[in-house]
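Asks: quick one, what's the 3D model for this:
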Amino acid sequence: MQNYVAPRWLPGGHLQTIWPALWARRADAPLPDYRRERWTTPDGDFIDVDFLDAAGARPRPLLVLFHGLEGSSRSHYAEAFASFAAARGWDYAVPHFRGCSGEINLAPRAYHSGDFEEIGWILARLRAHRDATGGGPMLAVGVSLGGNALLRWAEEAGEAAAKTVRAVASISAPLDLAAGGAAIGRGFNRLVYTRMFLATMKPKALAKLAQHPGLFDRERLLAARDLYAFDNVFTAPLHGFRDTEDYWTRGSAKPHLHAIRIPALVVNAVNDPFVPGGSLPRQGEVGDHVTLWQPAHGGHVGFAMGLPPGHVRGLPERVGAWLAGAE
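Replies: Residues are numbered from 1 along each chain as shown. Predicted coordinates for the structure are as follows:
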């Protein structure tokens, strides 16, 4: 998407974010139903993984997509990548972060932007299954929160990442969580996007409190009006961080991009309402294994193309082609 230009009928970062998520076409043809597997996690919890299995003999590629905050296999970008994978004859998997598959998880923890240990466990299990059933390369893409977490895994894994996946890509990831948190906490972003996220995150947190009484302060959570306050009450302490600042600092992928040792594509629109353009990394900061695409337009996981209502197939086609050619 490095040369992406938004359609004239879709001006500005907010429209380029909202319209594709709600109304743009995702696929040329109806997608088959996902096949769901429930996996028991090492700590006795569970996650749900949705699969689309290609026809034919292996080896063939497996494309793994990690969704964004409160996303799922039914998010617009997930279905667009599913359509791309089906057209290419690739297998496709969408692991759901805990609590995002339609059923609340069991453990006190949920998920967060720096959740690289969970990413690593999921990818290792998928790799082991591929090796046992005919092999084939694995390619991974992460969107928004999932993109930051995927890059954090690649950073932590270093040279060992190549044993699991051939290449990774992140799309619209908030690589500097403090900058992204500040942006989404003010103005129009606070009124629209923050309110939308908290509308699902707060009920999930309260369900978690019902499972584990005393887990956090209920009144402080109800009083939270932005992600900073929510993370201070819920996300940070439940996942081993001191507070929001500690979480956002340690969870951010940007300071460690130079540690990545596999091909990695990092896509961010400069007009993304969630990710300030000034916070994006420059090529000199990231090392030789990382490719940056930073088009002026696209919004947050938008990148719509064509005449109204437009479609979002261009994003997976271009990112998928890059992944397929990465060596």
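
Asks: hang on, Asp231 packs against Glu245?
Replies: No: under the criterion of CB atoms under 8 Å, Asp231 lies out of contact with Glu245, with a separation of 9.5 Å. Backbone N, C-alpha and C define where each C-beta goes, glycine included.

Asks: of the two, who's got more company?
Replies: Neighbour count, other CB atoms under 10 Å: between Asp231 and Glu245, Asp231 has more, with 27 against 16.

Asks: would you double-check that that one falls in a strand?
Replies: No: the assignment for Asp231, made by DSSP: H, G, I helix; E, B strand; the rest coil, is helix rather than a strand.

Asks: list the contacts for it?
Replies: For Asp231, the set of contacting residues under the criterion of CB atoms under 8 Å, 6 or more residues apart in numbering consists of 181, 244, 247-248.

Asks: the same query, at a cut-off of 6 Å, please.
Replies: Residues in contact with Asp231 (CB atoms under 6 Å, 6 or more residues apart in numbering) are 244, 247.

Asks: in this structure Arg261 contacts Gly158, no?
Replies: Yes: judged on CB atoms under 6 Å, Arg261 makes contact with Gly158 at a distance of 5.2 Å.

Asks: more crowded one of these two?
Replies: A side-by-side neighbour count of Arg261 and Gly158, using other CB under 10 Å, places Arg261 first with 17 against 12.

Asks: quick one, helices of this protein?
Replies: Ranges of helices within the chain are 13-22, 76-88, 116-132, 145-157, 177-184, 187-189, 195-211, 218-223, 227-230, 236-238, 244-251, 314-325, based on DSSP state H.

Asks: Tyr34 reaches Asp53, doesn't it?
Replies: No: with contact taken as CB under 6 Å, Tyr34 and Asp53 are classed as non-touching, separated by 9.8 Å.

Asks: count the residues that sit near the residue lying closest to Pro174 once chain neighbours are set aside.
Replies: Taking CB to CB, 6 or more residues apart in numbering, and ignoring the residues beside it in sequence, Pro174 has Gly180 as its nearest neighbour in space, at 3.2 Å. Burial of Gly180 is recorded as 27 neighbouring residues (other CB under 10 Å).

Asks: so between Tyr34 and Asp53, which is more surrounded?
Replies: When Tyr34 and Asp53 are compared on other CB under 10 Å, the one with more neighbours turns out to be Tyr34, at 19 against 15.

Asks: residue contacts, Arg26?
Replies: 76, 79-80.

Asks: highest neighbour count among these?
Replies: Counting neighbours by other CB under 10 Å, Ala80 leads the contacts of Arg26 with 26 neighbours.

Asks: just the pLDDT for that one.
Replies: Confidence at Ala80, expressed as pLDDT, is 97.

Asks: next: Pro32.
Replies: The predicted local distance difference test score for Pro32 is 86.

Asks: excluding its backbone neighbours, what's nearest it?
Replies: Distances taken as CB to CB, 6+ apart place Leu52 nearest to Pro32, at 6.4 Å, with adjacent residues excluded.

Asks: what of Arg220?
Replies: Leaving out its chain neighbours, the residue that sits closest to Arg220 by CB to CB, 6+ apart is Val233, at 4.8 Å.

Asks: of the helices of the chain, which approaches Asp28 most closely?
Replies: Nearest to Asp28 among the helices of the chain is helix 76-88 (6.5 Å), distances taken as CB to CB.

Asks: can you tell me what sits against the closest one?
Replies: Taking contacts as CB under 6 Å, 6+ apart, the residues outside helix 76-88 that touch it are 21, 26-27, 31, 52, 63, 65, 67, 92, 94, 143, 301, 312-313, 316-317, 320.

Asks: keeping just the C-alphas, turn it into PDB.
Replies: Listed in PDB are the C-alpha atoms of helix 76-88, where the atom choice follows Å, rounded to 0.1, in the frame of the first residue of the first chain:
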ATOM      1  CA  HIS A  76     -14.000  -6.500   7.800                       C
ATOM      2  CA  TYR A  77     -10.200  -7.000   7.400                       C
ATOM      3  CA  ALA A  78     -10.300 -10.600   8.500                       C
ATOM      4  CA  GLU A  79     -13.000 -11.500   5.900                       C
ATOM      5  CA  ALA A  80     -11.000  -9.600   3.200                       C
ATOM      6  CA  PHE A  81      -7.900 -11.600   4.000                       C
ATOM      7  CA  ALA A  82     -10.000 -14.800   4.100                       C
ATOM      8  CA  SER A  83     -11.200 -14.000   0.600                       C
ATOM      9  CA  PHE A  84      -7.600 -13.400  -0.600                       C
ATOM     10  CA  ALA A  85      -6.300 -16.600   1.000                       C
ATOM     11  CA  ALA A  86      -9.200 -18.600  -0.600                       C
ATOM     12  CA  ALA A  87      -8.400 -17.200  -4.000                       C
ATOM     13  CA  ARG A  88      -4.700 -18.100  -3.700                       C
END
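
Asks: good, wrapping up.
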